[in-house]
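Colleague: 3D, please:
(one chain, ligands or ions: 1)
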Amino acid sequence: MSATVRGATIWTVQLEPGELAALDPGVPETLQRRPDVLVVGGGMLGVCAAVACRDAGAGSVVLIEAGRLGSGASGGAAGMLVPEAHQGVDPDALVDLGRASLARWRDLETSVPGGVGFLDLDWFGLAPYPEAFAADPPPTAEWLGAAQVQRLIPGLAPAVPAVRVPGQGRVNPLRSLGRLAAGIAQVATGCAATAVRTRAGRLIAVSTPAGVITPGAVVFATGVPPRLDGLDLRVPSGLVKGHLAVTEPVPVILPGMVASVATQLEDGRLLAGGTLDTEDATAEVRPEVIERIRSDMAAALPSLSGVRITHRWCCWRPRHPDGLPIIDRVPGLHNAWFTSGHYRTGILMGPATGAALARWITADEEPALVKPFGQHGRFSE
Ligand SMILES: Cc1cc2nc3c(=O)[nH]c(=O)nc-3n(C[C@H](O)[C@H](O)[C@H](O)COP(=O)(O)OP(=O)(O)OC[C@H]3O[C@@H](n4cnc5c(N)ncnc54)[C@H](O)[C@@H]3O)c2cc1C
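Modeller: Residues are numbered from 1 along each chain as shown. Next up, the predicted model:
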């Protein structure tokens with residue numbers, strides 16, 4: 001199944017025409033055929049890897065993308081950057097990577113011209129909490145009683161206690177992709193890698209419709225691992241569909257992301273959903289899923305009972321069987337890396353993953369932060 005976003009996202013609507021055009025520049029007339037680094041895949045992981053390689057002084061960087069930037073999961077994600085919600089629930093290594101990446105998102109906001117559209121966010125988790133989270137909460141967690149929550153979120157039904165974690169973030173992922181990509185020397189869209197050639201433990205050529213590219217190093221960031229002629233990369237993976245919905249502007253004011261009710265966007269709209277549609281093999285937005293998102297939101301905030309959904313879409317999370325990403329060298333190839341299966345947190349993890357890959361490429365040493373995400377021994381090989 002294609003992992004392209006279906007439906008109409010709010011992210012596209014929020015962009016200026018110039019920002020939208022920057023996501024699909026086509027193939028440059030003078031596409032470099034011998035870049036120092038070639039990145040394959042223009043989602044958040046690929047764009048962040050390309051930017052990090054440039055910043056690490058890896059030399060000339062070219063990124064190729066089969067569709068337009070963000071045409072996969074990255075362009076349809078909710079854009080939440082909330083590592084602390086994973087504390088105690090997911091492995092420590094994932095939380096550490098998320099915290100490091102959130103810090104890098106903040107750095108990018110100040111270092112990238114015009115910023116990356118990073119917005120500060122408080123995250124609220126409503127009781128009951130997952131047992132593992134309550135047993136080992138984030139250091140910055142503040143526990144709120146039901147009366148305090150009622151003051152912060154008037155009309156919430158039922159009135160329950162909550163945990164508040166300040167200092168999290170969110171982005172419009174398409175805006176971030178565009179701003180980040182503006183700093184990459186060459187981006188080619190509508191340009192899929194179709195095959196590779198290898199020799200003596202090195203990847204020496206990548207075929208594309210725009211011709212053959214012979215890079216010094218390659219990073220594959222194609223969501224799930226790439227299936228290319230000539231590349232022997234067999235890792236179990238799949239896609240998990242998810243729906244998101246955005247309301248018309250509403251009078252309710254939420255204090256941030258209220259999990260799992262909704263997050264307020266800039267103009268008073270609410271973003272809700274992020275369903276895990278594991279059994280849904282269809283390729284379209286399903287009205288009944290959108291209606292369930294709407295009615296769940298209205299059940300938690302009864303003043304929204306007649307609220308109208310203005311934007312609805314679905315996309316597919318790349319996933320490995322253990323739900324954790326891979327950040328690793330391609331087995332048997334000294335100059336090729338891949339990162340895949342970022343599942344529910346690839347927008348968050350982009351900057352730290354990209355920086356780790358860039359360091360690995362330039363220093364030829366695996367950074368400790370990503371050691372837990374090697375593929376070896378994780379799946380029956
Ligand atoms: C409903 C939903 C909500 C989500 N919310 C969040 C969230 O709030 N926060 C968060 O951190 N994460 C979230 N995620 C997860 C996040 O979207 C993904 O983990 C992340 O986008 C994966 O990024 P990626 O770059 O690895 O893959 P993708 O975004 O899929 O990018 C891969 C790109 O590679 C291209 N490609 C593939 N093959 C080739 C080829 N041969 N040649 C050239 N290009 C190729 C594709 O066209 C695609 O653009 C959400 C996901 C879903 C579905």
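Colleague: who does the helix or strand that contains residue 98 touch, helix- and strand-wise?
Modeller: According to DSSP states H and E, residue 98 maps onto helix 92-111. Applying 3 or more CB pairs under 8 Å, 6 or more residues apart in numbering; DSSP states H and E, we find helix 92-111 packed against strand 80-81, strand 162-170, helix 346-363. C-beta coordinates here come from the backbone N, C-alpha and C atoms, glycine included.
Colleague: avg pLDDT for the first one?
Modeller: The predicted model gives strand 80-81 an average pLDDT of 98.
Colleague: equivalent analysis for stretch 300-310, please.
Modeller: Mean predicted confidence for stretch 300-310 is 97.
Colleague: list the buried residues for it?
Modeller: Using 16 or more other CB atoms under 10 Å as the test for burial, stretch 300-310 gives 300-301, 304, 307, 309.
Colleague: go on, stretch 82-93?
Modeller: Using 16+ other CB under 10 Å as the test for burial, stretch 82-93 gives 82-88, 90.
Colleague: which two of these have the greatest separation?
Modeller: 82 and 88 (13.7 Å; CB to CB).
Colleague: if we can go back for a sec, what's the most buried one of the helices and strands packed on helix 92-111?
Modeller: Of the helices and strands packed on helix 92-111, the one with the most neighbours on average (mean count of other CB atoms under 10 Å) is helix 346-363, at a mean of 25.
Colleague: from the chain's centre, how far out does that one sit?
Modeller: 13 Å (CA atoms, centre = their mean, to the nearest Å).
Colleague: tell me if it is near the ligand.
Modeller: Yes. Against the ligand, helix 346-363 shows contacts by CB under 6 Å from any ligand atom at 346-348.
Colleague: of all the helices and strands packed on helix 92-111, which one is nearest residue 56?
Modeller: It's helix 346-363; of these, that one is closest to residue 56 (CB to CB) at 3.9 Å.
Colleague: using CSV, write out every CA atom in that closest one.
Modeller: Output in CSV follows, covering the C-alpha atoms of helix 346-363 (Å, rounded to 0.1, in the frame of the first residue of the first chain):
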residue,chain,number,x,y,z
GLY,A,346,9.2,10.4,13.8
ILE,A,347,8.5,14.1,13.8
LEU,A,348,9.9,14.4,17.3
MET,A,349,12.9,12.1,16.6
GLY,A,350,14.0,13.8,13.3
PRO,A,351,16.6,16.3,14.6
ALA,A,352,18.4,13.9,17.0
THR,A,353,18.4,11.0,14.6
GLY,A,354,19.7,13.2,11.8
ALA,A,355,22.5,14.6,14.0
ALA,A,356,23.5,11.1,15.1
LEU,A,357,23.6,9.8,11.5
ALA,A,358,25.7,12.9,10.5
ARG,A,359,28.2,12.3,13.3
TRP,A,360,28.4,8.6,12.4
ILE,A,361,29.1,9.5,8.8
THR,A,362,31.7,12.2,9.6
ALA,A,363,33.4,10.6,12.6
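Colleague: what residues are up against the nearest residue to residue 169 once chain neighbours are set aside?
Modeller: In this structure, residue 169 finds its nearest non-sequential neighbour in residue 81, 3.8 Å apart by CB to CB, 6 or more residues apart in numbering. For residue 81, the contacting residues are 101-102, 105, 118, 121, 168-171, 347-348, by CB atoms under 8 Å, 6 or more residues apart in numbering.
Colleague: turn the helices and strands packed on helix 92-111 into TSV, columns for distance to residue 290.
Modeller: Shown next, in TSV, are the helices and strands packed on helix 92-111 (distance: least, CB to CB, whole Å):
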stretch	distance to residue 290
strand 80-81	19
strand 162-170	21
helix 346-363	22
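Colleague: between those, which one is nearest to residue 326?
Modeller: helix 346-363 (10.1 Å).
Colleague: elements contacting the closest one?
Modeller: Looks like helix 346-363 contacts helix 44-55, strand 80-81, helix 92-111, strand 217-220, strand 326-329, strand 336-340 (3+ CB pairs under 8 Å, 6+ apart).
Colleague: quick one: low-confidence parts of this structure?
Modeller: Applying pLDDT under 70 to the chain flags the ranges 1, 381.
Colleague: one more pass at 80, please.
Modeller: 1-2, 380-381 (pLDDT under 80).
Colleague: got a list of what the residue of it most remote from its centre touches?
Modeller: Residue farthest from the centre of the chain, counting by CA atoms, centre = their mean, is residue 147 at 35.0 Å. Residue 147 makes contact with residue 159, according to CB under 8 Å, 6+ apart.
Colleague: centre of the chain versus the strand or helix carrying it, how much separation?
Modeller: Counting by DSSP H and E, the element that carries residue 147 is helix 146-152. In this view, helix 146-152 has its centroid 32 Å away from the chain centroid, taken as CA atoms, centre = their mean.
Colleague: export that helix as PDB, just CAs?
Modeller: Only the C-alpha atoms of helix 146-152 are listed here, as PDB (Å, rounded to 0.1, in the frame of the first residue of the first chain):
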ATOM      1  CA  ALA A 146     -10.000  17.500  39.500                       C
ATOM      2  CA  ALA A 147     -10.900  21.000  40.700                       C
ATOM      3  CA  GLN A 148      -7.700  22.500  39.300                       C
ATOM      4  CA  VAL A 149      -8.300  20.800  36.000                       C
ATOM      5  CA  GLN A 150     -11.900  22.100  35.800                       C
ATOM      6  CA  ARG A 151     -10.500  25.700  36.200                       C
ATOM      7  CA  LEU A 152      -8.000  25.000  33.400                       C
END
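Colleague: residues contacting residue 159?
Modeller: Per CB under 8 Å, 6+ apart, neighbours of residue 159: 146-147, 149-150.
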